[in-house]
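**Student:** Only the shape, not the letters, is given here:
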């Protein structure tokens, strides 16, 4: 049975072990192009771009960790690897427990369905069953502040209402690991505050968190540890204050 | 649990899940609640914002039937087949089911792009939901067929109905296999869609929907193996089983089935299962890069 060395204080909930992720810059987009390219001896499967290189980190149970870096440094890619949307080309990613992401909430919403139908649809997409959703339904609606509009089609919602409902579903999923990707720009200031409080609550109840954000204030408030990624490589892993400092220094 | 002594020790990887690694079609069973919700979403949104709504599910096959019946039955005088209307319709519904199931399954991944790119779930759910949706759509057509059959004094037989159900399952397994194959390919190569359109165009003509299989056997009498290949098409088997169930009891004499129908059916089952295996394998191969190819 393969074993992995523990790098964290508690049992790791997320293990990213020597992970490399490459993207293809594809040259062919049709059978014809692929075939003609193959006939001419051109490389059909094109050049690669390395998004993450030999990345290793672990997140212990109950820990809140921020992934920091500039645009295009590979932060979101690493989150997608943990959620399972992408698969690593080398190395392995392991998780323990139920993973849910506040990654682009609202992706599963259908404009022609009512708010209520969308809550059930999205909860199912995030892995909840009918009973769990029914039990939380009132909380979800209350948190979203949608009120009586819940039985209206979502396409008639304002963008703020839409995001609030989507976020509210995602935040009420039963989970062990929460992935947060730049979504706290949801709604108006009071609602943002409410989300922040809710996420902090989750962190306090022992949910493991992996956060990607450009909002340094929030990161500092929420996380103890920070990992700085630059061009797909890990350059720093330590207390979040130092991580932010590293990022600022690098910027200069 | 807490304590610095943990760092440096080792944990077993068997305690962990590997995100993004599903167990293929088997996962669909585990995620059946989501499957149900996705199917309901498909049926609920299909005719949103259309005044006639589900009537379209009746209008389309009815007009298709009228035009075929007019051209093939009246203009070209297809006298060989008694009760041609029932013969025609019982075949058309099977081919329609195949076209709908296969077509929807092929587009299912691209249509759910937003989800596939952002949230992980077993992706086989989408083609499977598309195929179940096609079955729901098929029910009104089946209802029309049953009503017409009963009106003209059709007496069902147990064997006939059992055959029709087996035929349906065969056609659905075949569509799922093909659907998995092409939905996987379609993500990277959108021209898969055009290929699918071609197959759908052929499907009506390469099974005995508009004519009797005897005509094929006569035209190909020098090549009996070609007739055999024609017959082992899962669609042909499905159509013929529907003929046996719904059309044959309403006529005095029919051409019956080819002598090798049993063997051909067996081969059709093999073809469908093989298609499922190949479809699932190709699907899984491309699934690894769905999120970055969409």
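**Tutor:** Everything's here; your move. Predicted, not measured: the structure shown is a model, and the values here were computed from it.
**Student:** contacts, neighbours, all on C-alpha from now
**Tutor:** Fine.
**Student:** For residue B:196, which non-adjacent residue is spatially closest?
**Tutor:** residue B:103 (7.0 Å; C-alpha to C-alpha, 6 or more residues apart in numbering or on different chains).
**Student:** State the mean pLDDT of the helix or strand containing the one you found.
**Tutor:** Following DSSP states H and E, one finds residue B:103 within helix B:84-111. Helix B:84-111 carries an average pLDDT of 93.
**Student:** Enumerate every residue touching residue B:41.
**Tutor:** By C-alpha atoms under 8 Å, 6 or more residues apart in numbering or on different chains, residue B:41 lies in contact with A:113, A:121.
**Student:** any weak-confidence spans in chain A?
**Tutor:** Residues of chain A that meet the criterion pLDDT under 70 lie in A:1, A:26-29, A:42-46, A:103-104, A:182-187, A:251-252.
**Student:** at 50 what do you get?
**Tutor:** A:252 (pLDDT under 50).
**Student:** Taking it, what residue is nearest to chain B?
**Tutor:** residue A:84 (3.8 Å; C-alpha to the nearest C-alpha).
**Student:** That residue and residue B:122 touch, don't they?
**Tutor:** No - in this structure residue A:84 lies outside contact range of residue B:122 using C-alpha atoms under 8 Å: 10.2 Å.
**Student:** neighbour count winner among the two?
**Tutor:** Using other C-alpha atoms under 10 Å in any protein chain shown as the criterion, residue A:84 and residue B:122 rank with residue A:84 on top: 25 against 20.
**Student:** List phi and psi for the more buried one.
**Tutor:** The phi/psi pair for residue A:84 (degrees, to the nearest 10) reads phi 100, psi 0.
**Student:** Check the gap between it and residue B:12 for me.
**Tutor:** 20 Å (C-alpha to C-alpha, to the nearest Å).
**Student:** what mean pLDDT would you report for the helix or strand containing residue B:57?
**Tutor:** Per DSSP H and E, residue B:57 falls inside helix B:56-68. Averaged over helix B:56-68, pLDDT sits at 85.
**Student:** now do stretch B:264-273
**Tutor:** On average, stretch B:264-273 scores 96.
**Student:** Tell me which residues of that stretch come out buried.
**Tutor:** B:264-265, B:267-269, B:271-273 (16 or more other C-alpha atoms under 10 Å in any protein chain shown).
**Student:** just stretch A:69-88 next, same as before
**Tutor:** A:69, A:73-88.
**Student:** Could you tell me the end-to-end distance of it?
**Tutor:** 20 Å.
**Student:** same check, this time on stretch A:201-216
**Tutor:** By C-alpha to C-alpha, one end of stretch A:201-216 lies 19 Å from the other end.
**Student:** and that stretch, is it in reach of chain B?
**Tutor:** No - between stretch A:201-216 and chain B, judged by C-alpha under 8 Å from any C-alpha of the partner chain, nothing touches; the nearest distance is 12.4 Å.
**Student:** list the helices and strands the stretch of helix or strand residue B:196 belongs to packs on?
**Tutor:** Secondary structure assigned from DSSP H and E places residue B:196 in helix B:192-203. For helix B:192-203, the elements it packs on are helix B:84-111, helix B:158-188, judged by 3 or more C-alpha pairs under 8 Å, 6 or more residues apart in numbering or on different chains; DSSP states H and E.
**Student:** now the angle from the longest one to helix B:84-111?
**Tutor:** An angle of 30 degrees separates the directions of helix B:158-188 and helix B:84-111 when computed by axes from the mean of the first three to the mean of the last three C-alpha atoms, to 10 degrees.
**Student:** what about helix B:158-188, average pLDDT?
**Tutor:** Mean predicted confidence for helix B:158-188 is 95.
**Student:** which of the residues in it are buried?
**Tutor:** Buried-residue list, helix B:158-188, by 16+ other C-alpha under 10 Å: B:160-161, B:163-168, B:170-188.
**Student:** is it true that residue A:17 touches residue A:91?
**Tutor:** Yes - using C-alpha under 8 Å, residue A:17 is in contact with residue A:91, at 5.6 Å.
**Student:** Mind listing the shared neighbours of these two?
**Tutor:** With C-alpha under 8 Å, 6+ apart, residue A:17 and residue A:91 have common neighbours residue A:54.
**Student:** residues in contact with residue B:10?
**Tutor:** Residues in contact with residue B:10 (C-alpha under 8 Å, 6+ apart) are A:3-6.
**Student:** repeat that with 6 Å
**Tutor:** By C-alpha atoms under 6 Å, 6 or more residues apart in numbering or on different chains, the residues touching residue B:10 are A:4-6.
**Student:** just those that are near chain B?
**Tutor:** With C-alpha under 6 Å from any C-alpha of the partner chain as the criterion, the contacts of residue B:10 include A:4-6 near chain B.
**Student:** how far away is residue B:15 from residue B:266?
**Tutor:** 44 Å.
**Student:** Residues of chain B that sit close to chain A?
**Tutor:** B:2-4, B:6-13, B:16-20, B:34, B:114-115, B:120, B:189.
**Student:** Need the buried ones from the residues you listed selected in PyMOL.
**Tutor:** The PyMOL command for the buried members of those (criterion: 16+ other C-alpha under 10 Å) is given here:
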select buried, chain B and resi 6+11+13+16+17+18+19+20+34+114+115+120+189
